[in-house]
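Enquirer: Generate coordinates for the sequence data below:
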Amino acid sequence: MTAMTTFAKLFEPLPVGGRTARNRIVHAPMSVCYGDENGYVTRPEVEHYGRRAKGGAGIVITENFAVNWPGRQMPRQTMVDNESRLPGLSELASEIKRHGALAMVQLVHAGRYAGPWEVYHHARRLAPSAVPFELTAGRVETPHEISPEEIAESIAAFGRAAQLCDQAGFDGVDVHGAQGFLISEFLSPVMNQRTDEWGGSFANRVRFALEVVREVRRRTSPQFLVGFHLLSDELTGNSWTIKDAVQLAPLLAAEGVQFLFGIPATFESLRMPPNVGLFKRRMYSVPDNAALKEAVDIPVIANGCLGDPHDAVGVLERGEADAIGLGRPLFTDPDWPRKVADGALDVIRTCPDDPPICARTQLFGAVCDHWPPEVTRDGYFGYQA
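Expert: Residues are numbered from 1 along each chain as shown. This next block holds a predicted model:
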């Protein structure tokens, strides 16, 4: 049996909306922060994503780009907030697409996680409610309750950012509604304790997410793809659960969402004893994504500890997801798709570090100890190898 027979499912074309990806391997959003401090795209950033497309991924989704300054989290996070961003965004989109991949941007408003964290109190940090939370281990902060005017501004910011991505030549966007960022904060009855039309009932708590999607759809062309990173389960035992996510998924699809990532946990709930080490567990998001797949007729992408090609293809063969998202595996080795297709599994570069150095360096440009020497020297894995 050849490698292409064994892993055939990974290399089947994937219809998404009116587009078709060449295979079912998706570069999942992973913060590397190669942008500059003013939020502009840089050449290392262009090469980073272009190299993942050259390596064979069918879809390349960038790390989360902030839709406005109040929603920016990290000091070198790329911004998509005005037309001055278009030259860099256009270069990035073109570089990904010239290697045969669909090019997409993940859009985020960090909400209560907005930074810089060392001056957290110097600006309004927006959340549905002013609920204290653990920003980092042992550090509790209280964000500001977002006003109705700021809600409208935030919805408009997502739409404007998506429109800019469309103008820049991207094939689509992935709206970030997970991990405890602003959209997912509205979903959670723990984080959202409002008593107006934006909180309380299920219908009210999902209103912000649906309004964001409507605005994104309204301001982009018909062929432009819209995906959604959905908080699949808050994993607190008393808040947003997979049952809620399954209820929301078809509503998102009805508003024009064309693919979903189901992502369990928030940064805060990951510190709870039952969830410690979740992101190191093989295929940790697969059960939630399988449940979402049962609820919708759009592609569902499973992501998280799926770097073993046998695990990845098994998820597709069992019908638990329609595609596989890979973050760290493609960061460490952008040629993962080509090596799997060739059956060269023994030369796939992997990362056994715990914690990985990429997570410890991502604020100012993520690196990997397991890159080739000529790559390590430059501080990013572009076209050097």
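
Enquirer: May I see the buried residues of stretch 122-131?
Expert: The neighbour-count check on stretch 122-131 (16 or more other CB atoms under 10 Å) flags Arg125, Leu126, Ala127, Pro128, Ser129, Val131 as buried. Glycine gets a C-beta too; all of them are placed from N, C-alpha and C.

Enquirer: just checking, next helix/strand downstream of the worst-scoring helix or strand of the chain on mean pLDDT?
Expert: One helix or strand of the chain scores below all others by mean pLDDT, DSSP states H and E: helix 3-6, with a mean of 79. As assigned by DSSP states H and E, the chain's next helix or strand after helix 3-6 is strand 14-16.

Enquirer: related to what we said a few turns ago, quick one: list the elements packing against the least confident helix or strand of the chain.
Expert: helix 336-342 (3 or more CB pairs under 8 Å, 6 or more residues apart in numbering; DSSP states H and E).

Enquirer: Check Ala110 and give its pLDDT.
Expert: In this model, Ala110 is scored at 98, pLDDT.

Enquirer: who are the neighbours in contact with it?
Expert: Residues near Ala110 by CB atoms under 8 Å, 6 or more residues apart in numbering: Ala66, Gly71, Arg72, Gln73, Phe181, Leu182.

Enquirer: How about it, nearest residue that isn't a chain neighbour?
Expert: Spatial nearest neighbour of Ala110, excluding adjacent residues (CB to CB, 6 or more residues apart in numbering): Gln73 at 3.9 Å.

Enquirer: which of the buried residues of stretch 122-131 lies closest to Cys351?
Expert: For the buried residues of stretch 122-131, the minimum distance to Cys351 (CB to CB) is 32.6 Å, reached by Arg125.

Enquirer: from what I can see that closest one touches Glu141, true?
Expert: Yes - Arg125 is within contact range of Glu141, at 7.4 Å (criterion: CB atoms under 8 Å).

Enquirer: in stretch 376-385, what counts as buried?
Expert: Within stretch 376-385, the residues scored as buried using 16+ other CB under 10 Å are Tyr380, Phe381, Gly382.

Enquirer: Can you list which of the residues you listed are found in strands?
Expert: Among the buried residues of stretch 376-385, no member is found in strands (DSSP state E).

Enquirer: re the thing from before, closest to Ala8 among the contacts of Ala110?
Expert: Using CB to CB, Phe181 comes nearest to Ala8 of the contacts of Ala110, at 36.1 Å.

Enquirer: Any stretches of the stretch 1-150 of the chain with poor pLDDT?
Expert: Applying pLDDT under 70 to the stretch 1-150 of the chain flags the ranges 1-3.

Enquirer: all helices for it, in order.
Expert: Under the criterion DSSP state H, counting those that start in this stretch, the stretch 1-150 of the chain contains helices at 3-6, 43-54, 86-97, 148-168.

Enquirer: so of these, which one's packed in deepest?
Expert: Counting by mean count of other CB atoms under 10 Å, helix 43-54 has the highest mean neighbour count of the helices of the stretch 1-150 of the chain, with a mean of 22.

Enquirer: what's the closest of the buried residues of stretch 376-385 to Phe331?
Expert: Closest approach between these and Phe331, by CB to CB: Phe381, at 7.4 Å.

Enquirer: Could you pull up the contacting residues of that closest one?
Expert: Each residue near Phe381 by CB under 8 Å, 6+ apart is listed here: His48, Arg51, Phe331, Pro334, Cys368, Trp371, Val375.

Enquirer: For those residues, which entry has the maximal number of neighbours?
Expert: Using other CB atoms under 10 Å as the neighbour criterion, Pro334 leads those with 27 neighbours.

Enquirer: So that one sits against Gly50, correct?
Expert: No - look at Pro334 against Gly50 with CB under 8 Å: they stay out of range, at 9.5 Å.

Enquirer: circling back: joint contacts of Arg125 and Glu141?
Expert: Taking CB under 8 Å, 6+ apart as the criterion, Arg125 and Glu141 both touch Arg112.

Enquirer: The nearest residue to Cys33 once chain neighbours are set aside: neighbour count?
Expert: Using CB to CB, 6+ apart and skipping the chain neighbours, the partner closest in space to Cys33 is Arg76 (4.0 Å). Neighbour count of Arg76, defined by other CB under 10 Å: 20.

Enquirer: hang on, Arg76 packs against Phe364?
Expert: Yes - Arg76 sits in contact with Phe364 when judged by CB under 8 Å, with a separation of 6.0 Å.

Enquirer: shared neighbours of these two, which are they?
Expert: Cys33.

Enquirer: quick one on the thing from earlier: who touches the least confident helix or strand of the chain?
Expert: Contacts of helix 3-6 (CB under 8 Å, 6+ apart): Phe11, Val313, Val340, Ala341, Asp342, Gly343, Ala344, Leu345.

Enquirer: List only those of the residues you listed flagged as buried.
Expert: Burial by neighbour count, 16+ other CB under 10 Å: within the contacts of helix 3-6 this picks out Phe11, Val313, Val340, Ala341.

Enquirer: So of these, which two are at opposite extremes in space?
Expert: Across the buried ones among the contacts of helix 3-6, the longest distance by CB to CB is 11.5 Å; it joins Val313 and Ala341.
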